[in-house]
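Visitor: sharing a model that was predicted from the sequence below.
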Amino acid sequence: MRYCLRCCFPENTKPYIIFDEEGICSGCRTFEQRQKTNWNEKQEELKNILESYKEKARKNNSPYDCVIPVSGGKDSHYQTYLVTQVYKMKPLLVAYNHGYNSRLGIRNLNNLVNQFGCDLLRYNTNPKTAKKLSLYMLAKVGDITWHHHAGIFTFPIQTAVRYKIPLVIWGEHGEAFLRGMHNLDDGVEFTKKQRQEHSMRGFEPEDILDEPDNKDITTHDLGPFFYPSDDEIESIGVRGIYIGNYDSWDQKQHAEMMIKDYGFETFQNREDTFNIHSSIDDFFEVTHNYLKYLKFGYGRCTDHASLEIRWQRMTREEAIEMIKKYEHNKRPKNLDIFLKFAGISDEEFHKSVDHLRDPSVWEQDFSGNWKQKDWIGNHIWDKGVEDARLPLKDKWSYMKSEHKKPLHDNTTPEQELDELQFL
């Protein structure tokens with residue numbers, strides 16, 4: 001397996017990355033381009049776009065200037081801060097409740113609404129539907145939170161059409177920002193195609209309904225995932241833009257600003273990564289990241305560590321130590337909680353994803369146990385690493401928030417299941 005000589009991404013990264021002749025991945029090269037960008041010019045460009053859409057919203061007789069899809073996390077806080085405090089717009093916050101909420105995530109969502117005085121429209125999926133979709137997509141694509149991605153990238157567009165709001169404002173384009181699928185010159189915007197191919201793993205709700213092996217998922221279950229028609233989109237002129245195309249998008253700085261000035265709360269520690277300010281709302285995020293590891297041999301810690309390398313706050317060697325500590329061969333405690341909720345065994349869980357394991361990463365021994373062929377720890381001193389190295393500009397560290405209410409630690413799976421918040 002080849003690994004980027006600068007960051008920690010492997011060549012089987014999904015969605016796909018490419019390596020150049022110097023062994024550096026497309027994500028690192030795109031990030032280099034971002035560091036040379038005149039962000040003042042980009043911010044002026046964003047200001048002009050937002051002003052024009054304020055006028056379009058008024059012509060549509062809409063009470064809102066834009067839609068901001070939110071979960072309550074650091075990105076949601078930062079997006080809402082920019083839109084309301086810097087650009088003086090009146091957004092409608094739109095959230096899709098996947099049913100797997102952490103108590104801390106609920107607190108942050110409440111904080112977001114209270115701090116910025118915004119209206120919030122939230123679609124709540126019931127736990128029975130969430131369970132059905134999780135089990136179905138676990139077997140299909142190895143993703144227990146497919147409905148989360150499908151909902152947050154569809155329900156806001158449904159809402160924009162319903163309320164005649166022509167602009168939807170997202171955070172960063174993940175595939176571009178992390179893996180270099182697009183660069184800034186592409187001016188990439190939100191599309192139904194991108195949502196389907198990446199966020200929804202290639203599935204539209206119609207595909208699920210037509211599947212012969214679908215026994216109990218109904219149109220009712222899939223309601224928030226049906227994308228509006230082209231005619232509906234065009235009648236309102238709905239457009240989706242990414243703030244990350246107009247902002248340097250340093251998520252660490254965003255989080256620390258939101259902690260200091262707007263009451264955002266972080267984890268105190270995490271099981272699956274050193275990053276304590278990301279993906280706080282999803283109770284089963286740790287198990288979701290574990291599934292990524294079982295399929296491709298790397299997880300969320302690799303994402304976070306690679307970004308810290310690019311921001312020049314962490315060496316590649318330090319990043320690999322983090323991956324070893326949090327990700328490599330680590331079965332999460334959180335998995336037991338999901339198994340209890342879903343009513344399946346550990347064996348059933350792992351067998352359901354075995355057919356999705358990348359054969360370039362995984363192999364079975366004579367006893368049928370899965371072994372990882374290779375990992376980034378075997379490539380610390382690959383030839384070319386020193387040539388690709390970036391000098392450190394800062395030392396990585398994370399500001400921790402002080403919790404306003406106590407959170408439960410050292411609990412049993414049964415007690416943890418009681419902490420799961422469906423509404």
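Guide: Thanks, I have it.
Visitor: what sits against Ser345?
Guide: The contact partners of Ser345, taken as CB atoms under 8 Å, 6 or more residues apart in numbering, are Leu339. Backbone N, C-alpha and C define where each C-beta goes, glycine included.
Visitor: meant to ask about Val188, not that
Guide: Val188 sits in contact with 173, 176, 182, 194, 242, 245, where contact means CB under 8 Å, 6+ apart.
Visitor: got a pLDDT number for the residue of the chain most remote from its centre?
Guide: Distance to the chain centre peaks in the chain at Phe366, reaching 37.0 Å (criterion: CA atoms, centre = their mean). On the pLDDT scale, Phe366 is placed at 92.
Visitor: just to revisit the earlier point, as TSV, the contacts of Val188 with neighbour count would be great.
Guide: Formatted as TSV, these follow (neighbours: other CB atoms under 10 Å):
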residue	neighbour count
His173	22
Ala176	22
His182	18
Gln194	20
Tyr242	21
Asn245	23
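Visitor: from these, which land in strands?
Guide: Judged by DSSP state E, strands contain the following of the contacts of Val188: Tyr242.
Visitor: now do the helix ranked longest in the chain, average pLDDT.
Guide: Counting residues, the longest helix found in the chain (DSSP state H) is helix 39-59. On average, the pLDDT along helix 39-59 is 96.
Visitor: strands along the stretch 101-250 of the chain, start to end?
Guide: Using DSSP state E, counting those that start in this stretch, the strands of the stretch 101-250 of the chain run over 119-124, 167-170, 239-242.
Visitor: what's the separation between His182 and Gly244?
Guide: 11 Å (CB to CB, to the nearest Å).
Visitor: what do the two both touch?
Guide: Here His182 and Gly244 have 173, 176 as joint contacts, going by CB under 8 Å, 6+ apart.
Visitor: so what are the domain limits for this protein?
Guide: Per the record, the chain has its domains at 39-245, 267-419, by automatic domain parsing.
Visitor: quick one on the thing from earlier: who does the longest helix of the chain touch, helix- and strand-wise?
Guide: Counting contacts by 3 or more CB pairs under 8 Å, 6 or more residues apart in numbering; DSSP states H and E, helix 39-59 is packed against strand 66-69, strand 167-170, strand 239-242.
Visitor: for burial, what's the neighbour tally of Asp354?
Guide: Residue crowding around Asp354 was assessed by other CB atoms under 10 Å; the count is 14.
Visitor: how about it, what does it touch?
Guide: Neighbouring residues of Asp354 by CB under 8 Å, 6+ apart: Trp370.
Visitor: returning to what we had before: buried ones in the longest helix of the chain?
Guide: Going by neighbour count (16 or more other CB atoms under 10 Å), the buried part of helix 39-59 is 42-43, 46, 49-50, 53-54, 56-57.
Visitor: just stretch 134-149 next, same as before
Guide: Within stretch 134-149, the residues that count as buried by 16+ other CB under 10 Å are 134-138, 140-149.
Visitor: how about stretch 332-342?
Guide: Judged by neighbour count using 16+ other CB under 10 Å, the buried positions of stretch 332-342 are 332, 334-339, 341-342.
Visitor: relative to Leu121, which of the residues you listed is nearest.
Guide: Ranked by distance to Leu121 (CB to CB), those are led by Phe341 at 26.7 Å.
Visitor: what's the helix or strand for the closest one?
Guide: helix 334-342 (DSSP states H and E).
Visitor: where in the protein is the helix or strand with the lowest mean pLDDT?
Guide: When the helices and strands of the chain are scored by mean pLDDT, DSSP states H and E, helix 413-419 comes last with a mean of 55.
Visitor: need the helices and strands packed on helix 39-59 in TSV (columns: distance to Ile259 and mean pLDDT).
Guide: Putting these into TSV (distance: least, CB to CB, whole Å; pLDDT from 0 to 100) gives the following:
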stretch	distance to Ile259	mean pLDDT
strand 66-69	20	98
strand 167-170	22	98
strand 239-242	23	97
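Visitor: take the ones you listed and lay them out in TSV including distance to Thr84.
Guide: Listed next are these as TSV, based on distance: least, CB to CB, whole Å:
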stretch	distance to Thr84
strand 66-69	9
strand 167-170	11
strand 239-242	16
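Visitor: by contact count, what packs against the helix holding Phe341?
Guide: Helix 334-342 sits against helix 127-141, helix 285-296, helix 346-354, helix 413-419, with contacts defined as 3+ CB pairs under 8 Å, 6+ apart.
Visitor: let me see the contact set for Arg195.
Guide: Taking CB under 8 Å, 6+ apart, we find Arg195 in contact with 153-154, 227.
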